[in-house]
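Q: Fold the stuff below for me.
(4 chains)
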2 protein chains.
Amino acid sequence: MKTRNYSQKREAILAKVRSTKSHPTAEWVYQELKGTYPDLSLGTVYRNIGLFKDDGLICTVATVAGQERIDGNVEPHGHFICRTCRAVIDIDAPTEHLEMESYLEKSQGFQVERVDLTVYGTCKTCLK
Amino acid sequence: MKTRNYSQKREAILAKVRSTKSHPTAEWVYQELKGTYPDLSLGTVYRNIGLFKDDGLICTVATVAGQERIDGNVEPHGHFICRTCRAVIDIDAPTEHLEMESYLEKSQGFQVERVDLTVYGTCKTCLK
DNA sequence: CTTGAAATCAATAATAATTCTCATTACTGA
DNA sequence: TCAGTAATGAGAATTATTATTGATTTCAAG
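A: Numbers count the residues shown, from 1 in each chain, chains lettered A, B, ... in the order given. As a prediction, the model looks like this:
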């Protein structure tokens, strides 16, 4: 892995992503940190999110309404995406689908990195 | 459902999407049909794909490298996405995860429309 | 058939998320 | 402190997708 200098803004970006379960967009992170770091650039947020992804510190879970949603929780778990309010909500995934990994590796010769369960629908609030 | 005039190009677009299991992009469909319909416009491909989606005739399965991938097969099934060659390959999903639907509807009050199982990794060919 | 309303089309402009460029600034080891 | 490398900000460039527009085609009633 490439050597990396310390950067206060990078730390803040990672902390912000990890501080929420809302699966935010890069834009949200930027808006949140602009108060503390008025000279922060959106490009810096995108760049560091890319680096965190490379390092496996965060992951992207879906593209919702044209925007990538990121997750500071890299443990395997499922997501519910509301088509109305665009919320991305963690769900407990059933464990069975994780068998998919060994099944695919043995029968198909694929190397599995990640199993993603995503459920689309309408959330409780939007149903009212 | 809204009444819709006949359109030869629309038929061709749907047929092309249904003719492949490669989960193509709009651009691919456009390139494939340009030979037969030299005056076809990329906008027409996008517009009709949107209409097919509204009518439930096709669906989008993922955004890979910034491009939406479409599927003419709307029956629930999983997908393997190779991070190297970007191939999107059908996989037999285990049926257990479909229980997710009733689980979420009963315990969380969500209305489920679709359950999506996506596996990321490296395909057989790219592993060599 | 004819005709007119509605649907469709190609072309192109507009939008918007993300990536790239590069001059400048910050960090780090010596 | 200083040199070398890495990170940043500002904004331009890229690119997939969507919207607009004005002309053309389809359809069905008369």
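Q: What's the local residue count around A:Thr63?
A: Counted with other CB atoms under 10 Å in any protein chain shown, the neighbours of A:Thr63 add up to 16. No exception for glycine: its C-beta is placed from N, CA and C like everyone else's.
Q: Check A:Pro24 too.
A: 22.
Q: so what does the host helix or strand of A:Val115 touch, helix or strand wise?
A: Assigned by DSSP states H and E, A:Val115 falls within strand A:111-122. Judged by 3 or more CB pairs under 8 Å, 6 or more residues apart in numbering or on different chains; DSSP states H and E, strand A:111-122 is in contact with strand A:59-64, strand A:78-82, helix A:99-107, helix B:99-108, strand B:111-122.
Q: change it to 6 Å
A: strand A:78-82, helix A:99-107, strand B:111-122 (3 or more CB pairs under 6 Å, 6 or more residues apart in numbering or on different chains; DSSP states H and E).
Q: what's the angle between that strand and strand B:78-82?
A: Angle of strand A:111-122 versus strand B:78-82, following axes from the mean of the first three to the mean of the last three CA atoms, to 10 degrees, is 130 degrees.
Q: Just confirm yes or no for the helix or strand that comes right after strand A:111-122 near chain B.
A: Moving toward the C-terminus from strand A:111-122, the next helix or strand (DSSP H and E) is helix A:124-127. Yes - using CB under 6 Å from any CB of the partner chain, helix A:124-127 reaches chain B at A:124, A:127.
Q: Residues touching helix A:124-127, excluding its own?
A: Helix A:124-127 has contacts (CB atoms under 6 Å, 6 or more residues apart in numbering or on different chains) with A:82, A:84-85, B:109, B:111.
Q: What lies in contact with the helix or strand of chain A with the lowest mean pLDDT?
A: Least confident helix or strand, chain A: helix A:99-107 with a mean of 76, by mean pLDDT, DSSP states H and E. Residues from elsewhere that reach helix A:99-107 (CB under 6 Å, 6+ apart): A:110, A:112, A:115.
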